[in-house]
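[1] What would the 3D arrangement of this be:
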Amino acid sequence: MVLFIKQLENVKINKPVLIEGLPGIGNVGKIAADFIIDSIKARKIFEIRSYGFPNAVFVNDKNLIELPAIDIYHKKVNGTDILILAGDIQPIDEESCYEFCDKVLDFLEKNNGKEIITLGGIGLPEIPEEPKAYCTATNKKIIERYKYKNLSNNIYGVVGPIIGVTGILAGLAGKRNMEAIALLAETYGHPN
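    Here you go, the predicted structure:
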């Protein structure tokens, strides 16, 4: 997969934590990533385009055409470099998804990254009255670090395959001895 990467800012990054939030089931990951970016005032440092992205364009808020992109945002929080992988699309097919995730992991390894958080949804046939949140990970140690009162790791049988970048990024990270956790929230298949 050929990636066209435009660096917007030169930032020294070391041992980053990557948070991924791309469109998927109920747009949970995208909505959460956009919220985090706005909340911590993260700055866009990379813009990524590829022939492995959907063959469509978007109309921006200036009524102009934009090619689809996935962006990387950065913010240093309490001395830790936080990177947020966000955008309006995912790679178009399985091969592109695997290749894209491998390139993201190459970048993380180059910068001594060891931890990944992916964000996604668990699609339900109807709107849940009280949505639940679940987690799964590459090892139990990271689950314990992120486990909160209302976050369950009893996910077996609740969720089917975790598809797209949310699943593959975490899965491939485990093969590289990186810790990865997927945080998944129940949702109706369409965002409100």
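
[2] residue nearest the centroid of the chain?
    In the chain, the centroid-proximal residue (CA atoms, centre = their mean) is residue 20; its distance is 1.6 Å.

[3] Can you tell me how far that residue is from residue 117?
    Using CB to CB, to the nearest Å, residue 20 is found at 7 Å from residue 117. (C-beta placed from N, C-alpha, C; glycine too.)

[4] And for residue 132?
    Distance from residue 132 to residue 117, by CB to CB: 18 Å.

[5] which residues does the residue nearest to the centre of the chain form a beta bridge with?
    residue 85, residue 118 (DSSP bridges).

[6] quick one, what contacts it?
    Counting by CB atoms under 8 Å, 6 or more residues apart in numbering, residue 20 touches 29, 33, 84-85, 116-119, 165-166, 169.

[7] ok, so of these, who is nearest residue 150?
    Here the nearest of these to residue 150, counting by CB to CB, is residue 119; it sits at 15.8 Å.

[8] Wait, that closest one touches residue 180, no?
    No: using CB atoms under 8 Å as the test, residue 119 is too far from residue 180 to be in contact (11.8 Å).

[9] who's in contact with the lowest-mean-pLDDT helix or strand in the chain?
    Each helix and strand of the chain was given a mean pLDDT (mean pLDDT, DSSP states H and E); the minimum falls on strand 151-152 at a mean of 87. Strand 151-152 has contacts (CB under 8 Å, 6+ apart) with 132-135, 183.

[10] What strands flank that strand, and is each parallel or antiparallel?
    Using DSSP bridges, the strands paired with strand 151-152 are strand 133-137 (parallel).

[11] What ranges does this protein have for its helices?
    Secondary structure of the chain (DSSP state H): helices at 28-40, 94-110, 140-146, 164-175.

[12] So for the residue in the chain sticking out farthest from the centre, what's the pLDDT?
    Distance from the centre of the chain peaks at residue 63, with 27.2 Å (CA atoms, centre = their mean). Residue 63 is assigned a pLDDT of 98 by the prediction.

[13] Likewise for residue 149?
    74.
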